[in-house]
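A.B. asks: please work out how this folds:
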Amino acid sequence: MAVRELSITYRTTFERVPTLRSAVVRLGRGERAVREVHALQNLTFDVPVGTSLGIIGANGAGKSTLVRAIAGILAPSSGRIEVRGRISSLLALGVGFNSKLTGRENVVLGGLAQGMSRAQVAERAKDIADFADIGEFMDMPLTTYSSGMTTRLAFAVGVHMDPDILMIDEALSAGDAQFRVKAAQKMEELMESARAMFLVSHSLGSIRDMCNDCIWIHKGKLMIHSDPQTCIDAYTKFLEVGENAFTMEDM
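C.D. replies: Residues are numbered from 1 along each chain as shown. This next block holds a predicted model:
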C-alpha cells in the first residue's frame, strides 16, 4: 500500500463572535463565513506487506482522517492512495449495524458489507459467535445489548472476514480486560499471516507492543516515519517541552 502527497481539506462555516446583526447582513447578501481546515497536508509513505503501522499524535492531528481516507470513507482533496486487497475497518465499532436486528442477523449484515457472499459469512458465523462470547444475546436485538456487547460483536465480525488490511481506531480500548487480551491475540494471528494492520491509539504501549512501524502526525503533517520506539521517543519529548521549544533539528 502507498500514500502519495495526500491532502484533505474541509470547508466549514465559521464565525468567531456570531451576532444577530452580522447573521442578518450575511443572510441579506447571501454570504456565509467559510473556513478551510487542512486536516492532512502532503502525506507520503509506503506500507509493505506484513507491516503493522502505528499512528500516533495528539487529538485533532489527523489520525482518524488518515485511516478513513485509506478505508475509502473520505475522498482525498489531492494526492492518491494505492490499496491492494480487502480492507476491514474497525473505525467506529458497530457502525452499520441495525439495532432492530439480532446479533446473528447483524453478523450477516456485516459480512455482506465486507463484500462476502452469504455462504462465506455462514462459514464464519460460529467462529464469530464464539469469539464475541455474548451467549444467548446473539439471538436478541441489539437494542438489548450493552456497549461492551456491541463492541465484542463488531470486533468479532471485523477480524473474521479475512482482511488483507485491518484498520483499528482505538478499538482495543473498548471492552473489559479479558476481551482486550483476546483482541490483542487475534491481532497477532492476523499479522502472522502477513497482512497489513493500521492501529490508531493514544496507548503508546499498545503501539510499541503490537506494531513494527510507526508514523507521528501533528496538525496534518507527517513528522516522523520510523520504528515505534523512535517515534514514541520524539513524540513524548514533544509533549514534555511543547511545540514552541520543539524543532525538526531535535529529531
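
A.B. asks: who's Pro141 bridged to?
C.D. replies: Thr102 (DSSP bridges).

A.B. asks: what's the burial count for it?
C.D. replies: 15 (other CB atoms under 10 Å). Where you see a C-beta, it was placed from the backbone N, CA and C, and this is true even at glycine.

A.B. asks: one more: Pro76?
C.D. replies: 17.

A.B. asks: for the nearest residue to Thr144 once chain neighbours are set aside, give me the pLDDT.
C.D. replies: Nearest non-adjacent residue to Thr144, counting by CB to CB, 6 or more residues apart in numbering: Phe137, 6.7 Å away. You'll see Phe137 listed with a pLDDT of 95.

A.B. asks: Phe137 contacts Met149, doesn't it?
C.D. replies: Yes - if you go by CB atoms under 8 Å, Phe137 and Met149 touch, sitting 5.9 Å apart.

A.B. asks: shared neighbours, the two?
C.D. replies: Taking CB atoms under 8 Å, 6 or more residues apart in numbering as the criterion, Phe137 and Met149 both touch Gly103.

A.B. asks: so where's the stretch 1-150 of the chain uncertain?
C.D. replies: When residues are selected by pLDDT under 70, those of the stretch 1-150 of the chain lie in 13-33, 88-96.

A.B. asks: for Leu43, see how far away Arg195 is.
C.D. replies: According to CB to CB, to the nearest Å, Arg195 and Leu43 sit 22 Å apart.

A.B. asks: equivalent analysis for Ile81, please.
C.D. replies: 10 Å.

A.B. asks: Pro163 now?
C.D. replies: Distance from Pro163 to Leu43, by CB to CB: 22 Å.

A.B. asks: so between the two, which is more surrounded?
C.D. replies: The neighbour comparison of Pro163 against Leu43 (other CB under 10 Å) goes to Leu43, with 23 against 20.

A.B. asks: please name the nearest non-neighbouring residue to the more buried one.
C.D. replies: Leu6 (4.4 Å).

A.B. asks: grab the most central residue of the protein for me.
C.D. replies: Nearest to the centroid of the C-alpha atoms of the chain, with distances taken as CA atoms, centre = their mean, sits Asp169, at 3.2 Å.

A.B. asks: and the pLDDT for it?
C.D. replies: pLDDT at Asp169 comes out at 75.

A.B. asks: dig out what it forms beta bridges with.
C.D. replies: Val200.

A.B. asks: gap between it and Thr9?
C.D. replies: 21 Å.

A.B. asks: same thing with Thr102?
C.D. replies: Taken as CB to CB, the span from Thr102 to Thr9 is 42 Å.

A.B. asks: what are the contacting residues of stretch 108-125?
C.D. replies: Stretch 108-125 is contacted by residues 86, 88, 96-98, 101, 104, 107, 154, 157-158, 160-161, 163 when judged by CB under 8 Å, 6+ apart.

A.B. asks: go again using 10 Å as the cut-off
C.D. replies: 86-89, 94-98, 101-102, 104, 106-107, 128, 131, 138, 153-154, 156-158, 160-163 (CB atoms under 10 Å, 6 or more residues apart in numbering).
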